[in-house]
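Peer 1: pasted the sequence and its predicted model underneath.
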Amino acid sequence: MDEVRCLYFEDDPNQRSRYTEWIERAWNKLKTGIPITIIPSESPEAAINQLRQAPIKFHLFVADILVGTGDTAQALGLSAITYAREDNHNLAIVALSMGNGGFEQRALNAGANEYVSKQYLIDNPRENLLGEKILKALRDCGHEPTSSKPETLLFDEDDFPLNSLIETIGKDNVVNFTVRILNQTCGEIRPSFIRAGLSGASVLKVDCAYEITESGIKRQEHPSILLKISPNSESLSNETSKDISEFPEGLFIRFIADKPIKSGSWYAIASKFKVEGKTFLDWLSRSNVPSERVEDALNSLFLENDRGLREVYQQAGRSDKERPNIVLWNILSLGRRARIRQALDEFKSLADRYTPSNIFDERLIIDFIKSKRIDELNEEDIQKGTSYCLSHGDLHGRNILIGKSFKGYLIDPANIERLHWAADIARLSVDLIVSGWDIGDESYQWNKMAEWLDLSQAFIRGQIPTDEDELDSNGRIRTALNWLRVNLPAIHAIDNVRLKPEWEFRLALAVEFMRAAYRQQDLPAPKRVLGIISACQALRDTCTAYKDFEKTL
């Protein structure tokens with residue numbers, strides 16, 4: 001913004017002149033580099049009229065609450081605050097008052113963002129409470145009244161996903177988020193693309209360098225931050241407010257702030273990025289690490305004493321009245337089922353063309369999402385009894401970070417809840433298959449489909465071979481998949497296969513393969529078709545495993 005346009009209401013002319021100067025002085029103390037223009041108003045009615053008729057919308061409304069003096073003073077300024085809030089939700093409102101009659105709460109109830117006691121300002125002239133309250137109110141309403149210096153944002157313009165994302169969000173907003181979260185002017189801000197989510201949220205890794213001061217302070221590198229940006233403040237608030245206390249200490253990377261900040265029409269939250277950290281998927285795909293390091297990372301995430309996820313997975317509860325197929329079907333909400341049907345309509349001819357041995361059968365998926373039927377098994381045929389455990393809820397390869405010491409960490413706790421026991425491992429496994437295997441240009445190659453299907457079928461059946469000579473990214477993905485399949489019993493304490501049987505894990509995989517079918521934002525068409533075909537394979541193999549399970553009853 002080029003300037004802050006402020007409307008100031010005060011009925012006493014002497015006070016109006018005095019506090020106009022105080023507002024301007026308080027603002028200038030902040031050294032934002034943005035000027036403030038203050039338009040005075042002498043009555044609540046005049047203020048309302050100016051707000052209604054202003055040719056250029058005001059950014060800020062500072063309103064005195066009491067009109068009149070002594071015993072005859074009335075809180076008529078509240079009416080102007082109420083009107084201002086109802087008329088413009090983006091208007092920052094700061095209430096002032098000399099009185100002590102519970103005016104702060106009354107002002108906040110009327111719609112003010114902040115309240116400042118005039119007496120406090122008089123008693124504490126060296127503090128800049130008024131300026132700080134004004135700045136906070138402006139920021140809470142989406143205004144960033146500082147010089148954002150978009151030229152400090154440095155990125156490769158040939159990185160098209162990153163370039164497109166920054167153009168959508170706005171360079172000023174990305175800089176504003178970074179500077180405000182770090183509370184530090186940055187000489188360089190270097191973002192890199194992590195992912196764009198189906199919910200509209202996008203994630204950037206941001207590397208920063210502090211600006212050299214005039215006194216010549218040595219340039220200091222700041223730890224990288226992970227910046228999640230969304231037009232939806234509610235989803236981000238849900239993420240920061242989630243209780244992670246039931247998870248082992250140190251497993252989640254904590255947020256820098258406890259609520260989203262706003263810039264323009266966007267909101268952001270952030271956490272510190274581990275030194276030399278990479279998302280698990282990027283680490284597997286682009287890092288030159290041996291297979292034993294992959295196993296070290298997975299051991300730390302799932303099995304490490306006092307830290308691994310098994311600590312929460314193994315505190316499973318059980319409902320003997322529910323059927324696992326219905327519990328897993330519920331993961332596919334109405335909107336998700338609709339997107340799966342849309343993907344089927346879009347890709348069924350391609351699925352037919354690239355399916356060996358007639359694996360693809362549209363009916364298998366439609367029957368399940370419509371009626372919970374698993375091939376020839378009806379829902380009422382399925383054995384009752386479902387195990388639940390506290391779960392991350394969205395455990396894909398980019399919600400796991402691998403730090404310098406090969407330890408795994410979790411981010412994005414927004415979907416934490418008690419879910420079917422197999423939900424997390426199924427989500428991660430399918431993501432490694434559809435997102436990690438042949439990442440990059442090869443993921444667009446239709447002639448890779450037979451190889452991909454062999455991989456997914458082998459994993460569904462628990463027959464993943466290892467190849468010690470395979471040192472490329474696919475070799476590391478294979479190592480990770482093999483580790484997950486072999487260690488599934490240890491992760492979930494599967495001592496009694498009747499409580500957590502193989503067929504339930506295969507059905508959880510089928511559900512996740514179905515979800516992959518509609519990931520149009522981050523999966524190329526061949527991988528989405530892989531999801532459709534593999535879901536059919538998983539449904540068939542679920543039936544096979546269920547028949548084996550029935551024999552043990």
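Peer 2: Right, received. Where do you want to start?

Peer 1: tell me where the stretch 101-250 of the chain has helices.
Peer 2: If you assign secondary structure with DSSP state H, counting those that start in this stretch, the helices in the stretch 101-250 of the chain sit at 103-110, 118-123, 129-140, 160-169, 171-182, 233-241.

Peer 1: looking at those helices, which is nearest to residue 14?
Peer 2: Residue 14 lies closest to helix 118-123 among those, at 13.0 Å (CB to CB). Where you see a C-beta, it was placed from the backbone N, CA and C, and this is true even at glycine.

Peer 1: avg pLDDT for that closest one?
Peer 2: Averaged across helix 118-123, the pLDDT comes to 92.

Peer 1: likewise for stretch 140-156?
Peer 2: Averaging pLDDT along stretch 140-156 yields 79.

Peer 1: next, format the helices of the stretch 101-250 of the chain as JSON lines and append distance to residue 533 and mean neighbour count.
Peer 2: Written out in JSON lines, the entries for the helices of the stretch 101-250 of the chain read as follows (distance: least, CB to CB, whole Å; neighbours: other CB atoms under 10 Å):
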{"stretch": "helix 103-110", "distance to residue 533": "57", "mean neighbour count": "18"}
{"stretch": "helix 118-123", "distance to residue 533": "68", "mean neighbour count": "13"}
{"stretch": "helix 129-140", "distance to residue 533": "49", "mean neighbour count": "20"}
{"stretch": "helix 160-169", "distance to residue 533": "27", "mean neighbour count": "15"}
{"stretch": "helix 171-182", "distance to residue 533": "39", "mean neighbour count": "22"}
{"stretch": "helix 233-241", "distance to residue 533": "32", "mean neighbour count": "17"}
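
Peer 1: how about those, which one is nearest residue 461?
Peer 2: Proximity to residue 461 (CB to CB) singles out helix 160-169 among those, at 35.0 Å.

Peer 1: need the contact list for residue 285.
Peer 2: 436, 439, 440, 473, 476, 477 (CB atoms under 8 Å, 6 or more residues apart in numbering).

Peer 1: hmm, which two among these are most spread apart?
Peer 2: Pairwise distances across the contacts of residue 285 peak at 14.2 Å for 440 and 476 (criterion: CB to CB).

Peer 1: more neighbours, these two?
Peer 2: Between residue 440 and residue 476, counted using other CB atoms under 10 Å, residue 476 has the larger neighbour count: 24 against 9.

Peer 1: let me see the contact set for that one.
Peer 2: For residue 476, the contacting residues are 284, 285, 287, 289, 291, 294, by CB under 8 Å, 6+ apart.

Peer 1: try residue 421
Peer 2: Contact analysis of residue 421 by CB under 8 Å, 6+ apart lists 313, 316, 387, 388, 389, 492, 500, 504.

Peer 1: in CSV: those residues, plus pLDDT.
Peer 2: Below are these laid out as CSV (pLDDT from 0 to 100):
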residue, pLDDT
313, 95
316, 87
387, 95
388, 95
389, 96
492, 96
500, 94
504, 97
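
Peer 1: want to throw these into JSON lines with distance to residue 137 and neighbour count?
Peer 2: As requested, those are arranged in JSON lines below (distance: CB to CB, whole Å; neighbours: other CB atoms under 10 Å):
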{"residue": "313", "distance to residue 137": "45", "neighbour count": "20"}
{"residue": "316", "distance to residue 137": "47", "neighbour count": "17"}
{"residue": "387", "distance to residue 137": "49", "neighbour count": "21"}
{"residue": "388", "distance to residue 137": "44", "neighbour count": "18"}
{"residue": "389", "distance to residue 137": "44", "neighbour count": "23"}
{"residue": "492", "distance to residue 137": "49", "neighbour count": "23"}
{"residue": "500", "distance to residue 137": "53", "neighbour count": "23"}
{"residue": "504", "distance to residue 137": "52", "neighbour count": "27"}
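
Peer 1: in strands only, show me these.
Peer 2: When strands are assigned by DSSP state E, the members of the contacts of residue 421 inside them are 387, 388, 389.

Peer 1: pLDDT weak spots in the stretch 101-250 of the chain?
Peer 2: Judged against pLDDT under 70, the low-scoring parts of the stretch 101-250 of the chain cover residues 101, 146-148, 196-199, 210-223.

Peer 1: if we go to 50?
Peer 2: The model of the stretch 101-250 of the chain has pLDDT under 50 over residues 216-219.

Peer 1: please report the distance of the residue lying closest to residue 87 once chain neighbours are set aside from residue 36.
Peer 2: Closest residue in space to residue 87, ignoring its immediate chain neighbours: residue 51 at 6.1 Å, by CB to CB, 6 or more residues apart in numbering. As for residue 51, its distance to residue 36 is 17 Å (criterion: CB to CB, to the nearest Å).

Peer 1: run the chain-centre distance for the one helix or strand the residue nearest to residue 87 maps to.
Peer 2: In this structure, residue 51 is located in helix 44-53 according to DSSP states H and E. The gap between where helix 44-53 is centred and where its chain is centred comes out at 40 Å by CA atoms, centre = their mean, to the nearest Å.

Peer 1: do the same with stretch 390-397
Peer 2: 13 Å.

Peer 1: identify the residues contacting residue 532.
Peer 2: Residue 532 sits in contact with 343, 344, 347, 348, 351, 360, 365, 513, 514, 517, where contact means CB under 8 Å, 6+ apart.

Peer 1: of those residues, closest to residue 253?
Peer 2: residue 513 (28.9 Å).

Peer 1: quick one: that closest one and residue 534 touch, right?
Peer 2: Yes - when contacts are counted by CB atoms under 8 Å, residue 513 is listed as touching residue 534 (4.4 Å).

Peer 1: give me the contacts around the host helix or strand of residue 22.
Peer 2: When elements are defined using DSSP H and E, residue 22 is found to belong to helix 13-29. Contacts of helix 13-29 with the rest of the structure, by CB under 8 Å, 6+ apart, involve 4, 6, 8, 10, 36, 38, 40, 42, 62, 64, 96, 118, 121, 128, 130-131, 134.

Peer 1: could you do stretch 140-160 as well?
Peer 2: By CB under 8 Å, 6+ apart, the surrounding residues in contact with stretch 140-160 are 1, 4, 32-34, 59, 89-92, 113, 135, 138-139, 162-163, 166, 171-176, 179-180, 186-193, 262-265.

Peer 1: end to end on it, go ahead and measure it.
Peer 2: One end of stretch 140-160 to the other measures 31 Å (CA to CA, to the nearest Å).

Peer 1: got it, and stretch 191-206?
Peer 2: 4 Å.

Peer 1: buried stuff in it?
Peer 2: Using 16 or more other CB atoms under 10 Å as the burial criterion, the residues of stretch 191-206 that qualify are 191, 193, 194, 195, 196, 197, 201, 202, 203, 204, 205, 206.

Peer 1: and what of stretch 6-19?
Peer 2: The neighbour-count check on stretch 6-19 (16+ other CB under 10 Å) flags 6, 7, 8, 9, 10, 11, 15, 16, 19 as buried.

Peer 1: output those as TSV; include the columns distance to residue 394 and pLDDT.
Peer 2: Compiled in TSV, those are given as follows (distance: CB to CB, whole Å; pLDDT from 0 to 100):
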residue	distance to residue 394	pLDDT
6	43	95
7	45	95
8	47	96
9	48	95
10	51	94
11	54	93
15	54	92
16	54	93
19	50	94
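
Peer 1: pull the most distant pair out of the residues you listed.
Peer 2: Across these, the longest distance by CB to CB is 17.2 Å; it joins 6 and 11.

Peer 1: show me how the protein divides into domains.
Peer 2: Domain segmentation of the chain under automatic domain parsing yields 4-140, 150-272, 278-551.
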